[in-house]
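Student: here's a sequence, model it:
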Amino acid sequence: MKVIVLAALLPIWAGAQSNDAAIQRALIERDRQSAEFSRPELRNLHTQQDSQPRPMRPDERALQARERDAYPRGKQVAPATASPGPLPLPGGPVYGVDPIPVQGAGH
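Tutor: From the prediction side, this is the model:
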């Protein structure tokens with residue numbers, strides 16, 4: 001009786017395993033797209049990974065994330081310099097209005 005039950009459950013289990021592999025492949029692809037959006041130089045790494053046939057590991061997603069983190073970064077863009085202060089209001093000063101001095105500046 002147990003053999004019959006196991007034989008009946010085998011196709012269901014095999015189908016679940018193939019669905020799980022497809023889901024993992026889709027998640028890996030989404031991780032790659034996200035990483036390539038923020039770091040375009042990773043396209044070369046992903047092309048290299050695709051050209052090397054290797055079996056899917058249980059921790060494939062984490063493995064590829066570690067490889068992406070270890071991949072050298074491209075040119076770093078220097079951050080913009082801070083502005084010296086706020087820009088003046090459009091139209092210039094309004095006549096008849098006394099400007100309020102900045103508190104604690106130079107007094």
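
Student: show me where this structure has helices.
Tutor: Assigned by DSSP state H, the chain shows helices spanning 2-38, 42-51, 60-70.

Student: out of these, nearest to residue 95?
Tutor: Among these, the nearest to residue 95 by Cβ to Cβ is helix 2-38 (50.5 Å). Where you see a C-beta, it was placed from the backbone N, CA and C, and this is true even at glycine.

Student: quick revisit: the helices of the chain: lowest mean pLDDT?
Tutor: Per-stretch mean pLDDT for those is lowest at helix 2-38 (a mean of 78).

Student: rewinding a little: a markdown table for the helices of the chain, including mean neighbour count and distance to residue 97?
Tutor: Formatted as a markdown table, the helices of the chain follow (neighbours: other Cβ atoms under 10 Å; distance: least, Cβ to Cβ, whole Å):
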| stretch | mean neighbour count | distance to residue 97 |
| --- | --- | --- |
| helix 2-38 | 11 | 47 |
| helix 42-51 | 13 | 55 |
| helix 60-70 | 13 | 56 |
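
Student: quick one: which of those helices is nearest residue 96?
Tutor: helix 2-38 (51.8 Å).

Student: ok so, going back, which of the helices of the chain sits closest to residue 100?
Tutor: Closest of the helices of the chain to residue 100 is helix 2-38, at 43.7 Å (criterion: Cβ to Cβ).

Student: and residue 73, how far from residue 40?
Tutor: Per Cβ to Cβ, to the nearest Å, residue 73 is found 11 Å from residue 40.

Student: would you mind putting the CA coordinates of stretch 86-104 into CSV?
Tutor: Only the C-alpha atoms of stretch 86-104 are listed here, as CSV (Å, rounded to 0.1, in the frame of the first residue of the first chain):
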residue,chain,number,x,y,z
PRO,A,86,20.5,79.5,-0.9
LEU,A,87,19.7,81.1,-4.2
PRO,A,88,17.9,84.5,-4.2
LEU,A,89,14.2,84.7,-4.7
PRO,A,90,13.1,85.4,-8.2
GLY,A,91,12.3,89.0,-9.0
GLY,A,92,14.8,90.4,-6.5
PRO,A,93,14.0,92.1,-3.2
VAL,A,94,10.5,93.4,-2.6
TYR,A,95,10.3,97.1,-1.6
GLY,A,96,8.5,98.0,1.5
VAL,A,97,9.4,94.7,3.2
ASP,A,98,12.1,94.6,5.9
PRO,A,99,14.2,91.5,5.5
ILE,A,100,14.6,89.4,8.6
PRO,A,101,18.2,88.9,9.6
VAL,A,102,19.5,85.4,10.0
GLN,A,103,19.6,84.5,13.6
GLY,A,104,23.0,83.7,15.1
